[in-house]
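Q: Quick one: sequence plus predicted model below, questions after.
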Amino acid sequence: MLTSEKPALHLLVPPSVQCVAAQHGLTPAHLAYRVGSGPHLFRTQLPATLKGGIMVLEHRGFDGAGQAETFCQEVIRECAVRSFQGLFCDFDIPAVIPVLERAVTLLAPAFQKRSWSLYVPQGYAANAPGAKVVVPTALSGGSLRHHLREAIDAYGLERVALGLQWSCEDFSLPAREGSGVPLSWNELKVLRQRRRPNVYFSNDLCAHYFTYMPTGESPHFVLFDDAESMAKKLDLAREMGIREAFLPYPEPPELLPALLSGKGKETP
């Protein structure tokens, strides 16, 4: 399904740079909320005048105890006061937490009644039939196109949103666990300057990669994103008819204008 426009971008931003989204004409998704003990809604310091955008809710440190009903009322009240247009439940976990399952089950109809959007990870999709499902793009194998097609078949095109990730990992081969050591942008830059590898692009993964061989060690495989690979992911999403995407604020910040200008090229 070919569409004429790239997905609408929601920029995941901490409070310190929340104005960046508006500067680029993007919807801010505020990284300022978490599920705390109780559960209760915890927040960082936000300007009293901050209005609009999307609440991003994460749960690091939450012990899974308590009931969801009061917590959901806190979330709804905060969204109303801040005029948020939606909530992204960024529950990046290996296992689903029952109280959070109950929370998204309660929030889904409440948000639908208010014409707000609810975004959930794939593990919680069954608990919120009307919610949009955020499908991550960072893969270490297989095909991103196939990955997205499976999600569309499972949830329906209208429910799928893209979860973009500025991925950068160093895999020691053979990578039986399917995960590598995360690298910062500066660490990647130093590694490339030291090793001077040939960099290639994987059409299946929509990411750049290279290999290197440390002395006395097994081969290494490095997979990373830049403005060019992110643009290709968005092109793929557009081609498949996906209409929304969450984009983390990048390291370094100059990758953002390079991506939005459409002039992103593989980083030297």
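A: Done, it's in. The model shown is predicted, which means the values in this text are computed figures rather than measured ones.
Q: nearest residue to residue 37 other than its sequence neighbours?
A: Excluding its sequence neighbours, the residue lying closest to residue 37 (CB to CB, 6 or more residues apart in numbering) is residue 63, at 6.4 Å. For the C-beta atoms, the positions are set from N, CA and C on the backbone; glycine is no exception.
Q: just checking, that neighbour touches residue 36?
A: No: here residue 63 does not reach residue 36: they are 9.6 Å apart, not a contact under CB atoms under 8 Å.
Q: between those two, who's got more neighbours?
A: Shown here are residue 63 and residue 36; by other CB atoms under 10 Å, residue 36 has more neighbours (16 against 13).
Q: Partner strands of the longest strand seen in the chain and their direction?
A: When the chain is parsed with DSSP state E, its longest strand is strand 27-36. Counting by DSSP bridges, the strands paired with strand 27-36 are strand 8-13 (parallel), strand 40-43 (antiparallel), strand 54-58 (parallel).
Q: Which strand residues bridge residue 41?
A: Applying DSSP bridges, one finds that residue 41 bridges with residue 35.
Q: Residue 223 - that's part of a strand, no?
A: Yes: looking at residue 223 with DSSP: H, G, I helix; E, B strand; the rest coil, it is inside a strand.
Q: where's it relative to residue 188, distance?
A: According to CB to CB, to the nearest Å, residue 223 stands 10 Å off from residue 188.
Q: The two: which has the busier surroundings?
A: More neighbours surround residue 223 than the other of residue 223 and residue 188, with 23 against 19 (other CB under 10 Å).
Q: I figured the more buried one hits residue 141, correct?
A: No: the criterion here is CB under 8 Å, and residue 223 misses it with residue 141 at 9.8 Å.
Q: and for these two, which residues touch both?
A: residue 205 (CB atoms under 8 Å, 6 or more residues apart in numbering).
Q: phi, psi of residue 52?
A: Note on residue 52: its backbone torsions stand at phi 80, psi 170 [degrees, to the nearest 10].
Q: Can you verify my assumption that it contacts residue 84?
A: Yes: Residue 52 is within contact range of residue 84, at 7.0 Å (criterion: CB under 8 Å).
Q: coming back round to it: tell me which of the strands paired with strand 27-36 lies nearest to residue 156.
A: Smallest distance to residue 156 across the strands paired with strand 27-36 (CB to CB): 18.0 Å, for strand 8-13.
Q: Beyond the closest one, next helix or strand please.
A: Downstream of strand 8-13, the next assigned helix or strand under DSSP states H and E is helix 19-23.
Q: Tell me the spacing between the most centrally placed residue in the chain and residue 49.
A: Note on the chain: the residue nearest the mean C-alpha position is residue 163, at 3.7 Å, using CA atoms, centre = their mean. Distance of residue 163 to residue 49, given as CB to CB: 29 Å.
Q: Residue 204 too?
A: Applying CB to CB to residue 204 and residue 49 gives a distance of 46 Å.
Q: the more surrounded of the two?
A: residue 204 (13 against 5).
Q: ok, the residue lying closest to that one once chain neighbours are set aside - how many residues close by?
A: Distances taken as CB to CB, 6+ apart place residue 143 nearest to residue 204, at 4.4 Å, with adjacent residues excluded. Neighbour count for residue 143, taken as other CB under 10 Å: 15.
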